[in-house]
Structure formats: C-alpha cells, structure tokens
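In: Structure, please.
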Amino acid sequence: MQKDPDQVAGMFDATAKRYDLLNSLLSGGNDRLWRIHMQRAVAPKPGERILDVAAGTGASSAPTAKAGALVTALDISHGMLEEGRRRHPDIEFVHGSAEELPFDDDTFDAVTISFGLRNVQQPRAALSEFHRVLKPGGRVIVCEFSQPPVNVVRKSYELYLRTVLPGLAKAASSNPEAYRYLVESIASWPDQQTLSQWIRTAGFIRVAHRNLTLGVVALHRGRKPSEQTAAMRLARHAQPEEQGS
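Out: Residues are numbered from 1 along each chain as shown. Below is the predicted model of the structure:
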C-alpha cells in the first residue's frame with residue numbers, strides 16, 4: 001500500500017475522539033487483552049525512559065507511566081496528540097514521524113509500538129530508527145495485527161474483515177473510510193516470520209514473537225546488542241580475515 005503520511009495523519013485526526021471506543025467495539029474487547037500482554041512484555045521499571053511510538057491518545061502509554069517509567073508518547077497525528085494530552089496531562093506527548101525520530105542516539109531503555117508500524121510508509125526505516133534511539137541493551141516491543149497460521153482461522157478472519165468489520169464501522173463511525181483503510185492495511189501486512197526478519201535486519205538480536213488471539217495479533221520482541229555483545233560479534237566477524245592475512 002502507498003501510505004502518504006499526511007493522509008494517514010488526517011485520517012487519524014478525524015477519528016481521534018472516538019478512536020479508542022471504536023477499537024474496543026471492532027475488536028470485540030480484545031484490545032484491552034492485547035494491551036495487557038503488551039504491558040507485560042514491556043515490563044517497565046521505575047525511572048526507565050520509554051518511547052511509545054504511534055501512541056495515539058495514550059491508551060498504551062498510560063499503564064507504562066503508571067508503573068513509574070518516564071514515558072514519551074509520539075504520534076504523527078495532531079488530533080490524536082491533542083486528545084492524548086487532554087486525557088493524560090502527566091505524559092509527555094511529542095509530534096513526530098517514526099521514520100525520523102526527533103531524539104538523540106542511545107536515549108531510551110525501551111521503544112514500543114502498538115498497531116502503528118503497519119501505518120508507517122517505510123516500516124523498516126522506522127525499525128532502524130528504533131534501534132538508533134535505544135540504549136545498548138535496550139528492548140523493542142512491537143504489537144501488530146498479523147496472519148493467523150491456521151488456515152481455517154485465517155479464512156474466518158479474512159471473512160470478518162471483508163464483511164462484518166466494514167458494516168460495524170459504517171454504523172458506528174463518522175469516518176468509515178478510515179476503517180476501510182484498516183482492512184486493506186491488515187490484509188497487505190506481512191506474516192510473523194517476515195516481520196521478525198525485518199527486526200533482525202534492523203540490528204536487533206534475541207528476536208522472538210508470540211501469537212495472540214490465534215495469530216490475529218503477534219507480539220514481537222528484540223534487543224539492541226549491548227556494547228560488549230556488539231564487540232564480540234565484531235570480533236567473530238573479523239576473525240576469519242585475520243586468519244587469512
């Protein structure tokens with residue numbers, strides 16, 4: 001899909017006030033369960049600096065902040081940020097793009113993104129940016145819609161996306177076009193193995209994923225190598241050249 005950042009931002013501007021309510025409706029309440037799993041995967045500690053990318057209204061940022069972490073919530077939509085600041089005045093909300101993060105290298109202990117990587121024009125560039133702003137040893141957690149591995153589940157889910165979800169969105173939303181985009185973006189998104197490979201290519205190690213709701217959603221994790229680990233990896237790659245010299 002061609003995802004123009006301005007068009008994506010405008011679409012979310014138009015749905016900001018009812019976004020979380022509609023997500024709960026269209027997911028059958030599973031969005032709350034997914035956030036719980038996400039929070040457990042992040043495992044925030046008091047005082048840690050955590051960047052929540054595509055944070056929207058702050059629904060994913062608030063539990064992390066409540067745990068005592070210093071959360072920065074970033075989003076490309078001004079409408080989402082405005083609503084987030086109204087709901088969570090204690091959280092720092094920043095306007096910015098996942099592909100060009102407005103932060104220095106080695107700044108955060110963790111970078112998270114929930115159901116937002118799919119909306120980025122260049123998701124692999126965003127993953128590289130996550131790697132850049134993480135401290136050595138820092139962790140990335142990506143929660144995103146995925147492809148159910150069991151064929152009967154996948155076919156049933158595709159049927160829901162094509163028939164049920166658009167009808168619900170048309171009845172409940174003033175901007176059903178946004179949810180037509182949702183269906184298309186999920187259908188064109190790669191499977192769990194492909195996203196895991198993108199995360200590895202961005203420089204992360206210890207990459208793994210866990211399926212949620214039969215694979216409708218997948219929770220991906222990775223680590224930025226610590227300085228010691230990076231040095232050891234470089235030494236291993238250099239060793240054959242030294243032997244051959």
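
In: Show me where the protein dips below the pLDDT cut-off.
Out: 1-2, 169, 171-179, 230-235, 237-245 (pLDDT under 70).

In: Just give me the longest strand of it.
Out: Longest strand in the chain, counting residues (DSSP state E): strand 134-145.

In: Can you name the next helix or strand after that strand?
Out: helix 151-159 (DSSP states H and E).

In: List the buried residues of that next one.
Out: For helix 151-159, a neighbour-count test (16 or more other C-beta atoms under 10 Å) marks 154, 157 as buried. Where you see a C-beta, it was placed from the backbone N, CA and C, and this is true even at glycine.

In: And the helices in the protein?
Out: 5-15, 19-26, 30-42, 61-66, 78-87, 123-133, 151-159, 165-172, 176-187, 192-201, 227-244 (DSSP state H).

In: Format those as JSON lines; extra columns: distance to residue 219.
Out: Listed next are the helices of the chain as JSON lines, based on distance: least, C-beta to C-beta, whole Å:
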{"stretch": "helix 5-15", "distance to residue 219": "22"}
{"stretch": "helix 19-26", "distance to residue 219": "17"}
{"stretch": "helix 30-42", "distance to residue 219": "6"}
{"stretch": "helix 61-66", "distance to residue 219": "15"}
{"stretch": "helix 78-87", "distance to residue 219": "22"}
{"stretch": "helix 123-133", "distance to residue 219": "15"}
{"stretch": "helix 151-159", "distance to residue 219": "17"}
{"stretch": "helix 165-172", "distance to residue 219": "22"}
{"stretch": "helix 176-187", "distance to residue 219": "16"}
{"stretch": "helix 192-201", "distance to residue 219": "10"}
{"stretch": "helix 227-244", "distance to residue 219": "23"}
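
In: Quick one: closest of these to residue 112.
Out: helix 30-42 (5.6 Å; C-beta to C-beta).

In: For residue 134, grab the count of nearby residues.
Out: Neighbourhood size, residue 134 [other C-beta atoms under 10 Å]: 25.

In: What sits closest to it if chain neighbours are left out?
Out: residue 224 (4.4 Å; C-beta to C-beta, 6 or more residues apart in numbering).

In: so how many other residues sit close to residue 188?
Out: 10.

In: Now it: phi and psi?
Out: Note on residue 188: backbone dihedrals following degrees, to the nearest 10 are phi -90, psi 0.

In: What residues of stretch 130-148 count as buried?
Out: 130-135, 138-148.

In: quick revisit: residue 132 is in contact with the residue nearest to residue 134, correct?
Out: No. With contact defined as C-beta atoms under 8 Å, residue 224 does not count as touching residue 132 (9.1 Å).

In: Give the full set of residues in contact with residue 183.
Out: Counting by C-beta atoms under 8 Å, 6 or more residues apart in numbering, residue 183 makes contact with 161-162, 165-166.

In: which non-adjacent residue is nearest the spatially most central residue of the chain?
Out: Closest to where the C-alpha atoms of the chain average out (C-alpha atoms, centre = their mean) is residue 113, at 2.5 Å. In space, not counting the residues next to it along the chain, residue 113 is nearest to residue 53; the distance is 4.3 Å by C-beta to C-beta, 6+ apart.

In: which residues sit in contact with the one you found?
Out: With C-beta under 8 Å, 6+ apart, residue 53 has these contacts: 74-75, 98, 101, 111-113, 116, 126, 130.

In: What's the separation between it and residue 42?
Out: 13 Å (C-beta to C-beta, to the nearest Å).

In: any residues in contact with both of the two?
Out: residue 112.

In: and for stretch 61-74, what are the contacting residues?
Out: Taking C-beta under 8 Å, 6+ apart as the rule, stretch 61-74 contacts 35, 39, 42, 44-55, 58, 81, 84, 87-88, 90-96, 98, 101, 103, 108-109, 112.

In: Fine by me, thanks again.
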